[in-house]
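**Q** Could you work out the structure for the sequence below:
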Amino acid sequence: MEKKILVPVADGFEEVEAFSIVDVFRRAGVRVDVASVGELQVTSSHDVKIIADKLIEDCVDESYDLIALPGGIPGAENLKNSKVLIDILKKQNREERLYGAVCASPAVVLEPHGLLDGKKATCHPLFVDKLSSDEHAEMAVVHDQNCVTSRGAATSIEFALEMLGILLGEEKKQEVARGMVAG
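**A** Residues are numbered from 1 along each chain as shown. Predicted coordinates for the structure are as follows:
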C-alpha cells in the first residue's frame, strides 16, 4: 500500500523545513500532499512563493500516514489558527497515526492544542519556554509515541529521515540518506 503524507504550509513558513520533508519523502517514493491553510499561493518567511498542491479543506476526508509541520514565524502561528488543520491533527493523534513538527511548530501549534500531552518534545530554542517540559529541549530530534519533534532548519533533514525510518524502515531511511549524499 502506498504511503501518503501531508505537509501543511501557511504564509510565513520556513522553506528549508518544509522542502526537506517534501524532498526526503518524494525521494522515497511517498505521495506528499502540500496543503495550504490559506490561498494556494503561499509566501515563505524568506519571501519564496510556492503553489501548494491543494487547500487544507481538501484534506479533511483523507487519511495520512504522517502529517509533518514546518515552522517559521508567522507560519507556525498561521498553522495554529487553522481550525481545519487542528481538527485533522487531533484526529491523527486519536487514531495513533504519526505526526511531527519542527522549529516553532511543536510549541506554537502542537502544545496549545494538547497534541504534546504526555509526550516528550523539543523545538526551536526561542520557543522552549512554551513547552510544558524542557527536559528534551537540547535534542535535535525527539520521537515519542506517535509524535516526532525537532529543533529547526539545521535539523530538518535529520527530522525528515527519522520520520521516514518510522514509516518505511531503517533500510529505506539509509537508502534515501545515501542518495542525498551522492547527489
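**Q** Looks like residue 67 contacts residue 88 (just checking).
**A** Yes. With contacts counted by C-beta atoms under 8 Å, residue 67 reaches residue 88, the gap being 6.7 Å. For every residue, glycine as well, the C-beta is placed using N, CA and C.
**Q** which neighbours do those two share?
**A** Residues touching both residue 67 and residue 88 (C-beta atoms under 8 Å, 6 or more residues apart in numbering): residue 6.
**Q** Would you mind giving the secondary structure of the closest residue in space to residue 26 that isn't next to it in sequence?
**A** Spatial nearest neighbour of residue 26, excluding adjacent residues (C-beta to C-beta, 6 or more residues apart in numbering): residue 32 at 5.6 Å. Put simply, residue 32 is strand when judged by DSSP: H, G, I helix; E, B strand; the rest coil.
**Q** Same question for residue 133.
**A** Here residue 133 is recorded as coil under three-state DSSP.
**Q** residues touching it, list them.
**A** 120-121.
**Q** Compute the distance between it and residue 146, please.
**A** Look at residue 133 and residue 146: by C-beta to C-beta, to the nearest Å, they are 18 Å apart.
**Q** Could you do residue 36 as well?
**A** Using C-beta to C-beta, we find residue 36 at a distance of 24 Å from residue 146.
**Q** more neighbours, these two?
**A** With neighbours defined as other C-beta atoms under 10 Å, residue 36 and residue 146 compare such that residue 36 has more, 24 against 17.
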